[in-house]
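Asks: need a structure here:
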Amino acid sequence: MNVVDRIALLLAVIGALNWGGVGLFGFDTVAFLFGGQMSVFSRIIYALVGLAGLWCVTMLFRFSGEEDRAVSAA
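Replies: Alright, predicted model coming up:
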């Protein structure tokens with residue numbers, strides 16, 4: 001797992017925790033910290049989390065292929 005994968009995974013986890021907070025408590029941590037949902041900083045964070053989620057989808061397919069090769073080699 002390279003550095004970009006780790007950063008993307010970290011941002012995806014942060015996004016998941018934020019959405020969990022919205023769903024369970026009605027509290028958006030990103031909006032609270034960065035001045036509302038429509039502030040420039042909040043929108044940048046939301047966009048980065050979204051891009052990280054897309055990157056994590058590629059990780060799903062990359063790592064599943066590696067596991068298949070490792071199992072067949074054993």
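
Asks: Please read off the pLDDT at the residue positioned nearest the centre of the chain from the model.
Replies: Centroid-nearest residue in the chain: residue 12, 1.2 Å away (criterion: CA atoms, centre = their mean). We have a pLDDT of 95 for residue 12.

Asks: That one: helix or strand, and which one exactly?
Replies: Here residue 12, judged by DSSP states H and E, is contained in helix 3-25.

Asks: ok, and what's touching that helix?
Replies: Helix 3-25 is contacted from outside by 1, 27-30, 48-53, 55-56, 59, using CB atoms under 8 Å, 6 or more residues apart in numbering. For every residue, glycine as well, the C-beta is placed using N, CA and C.

Asks: So for it, what gets flagged as buried?
Replies: 5, 8, 11, 12, 14, 15, 18 (16 or more other CB atoms under 10 Å).

Asks: what residue ranges in the chain score low on pLDDT?
Replies: 64-74 (pLDDT under 70).

Asks: can you tell me which helix in this protein is longest?
Replies: Criterion DSSP state H: the longest helix present in the chain is helix 40-73.

Asks: could you say what helices and strands it packs with?
Replies: With contacts taken as 3 or more CB pairs under 8 Å, 6 or more residues apart in numbering; DSSP states H and E, helix 40-73 sits against helix 3-25, helix 29-34.

Asks: Show me which residues of the shortest one are buried.
Replies: By neighbour count on 16+ other CB under 10 Å, the buried set for helix 29-34 is 29, 30, 31, 34.

Asks: list the contacts for residue 29?
Replies: So residue 29 contacts 17, 18, 21 (CB under 8 Å, 6+ apart).

Asks: ok, the buried residues of helix 29-34 vs residue 63, which is closest?
Replies: Of all the buried residues of helix 29-34, residue 63 sits closest to residue 30, with 27.9 Å by CB to CB.

Asks: is it true that that closest one touches residue 44?
Replies: No - the pair residue 30 and residue 44 does not pass the contact test of CB atoms under 8 Å, sitting 9.9 Å apart.
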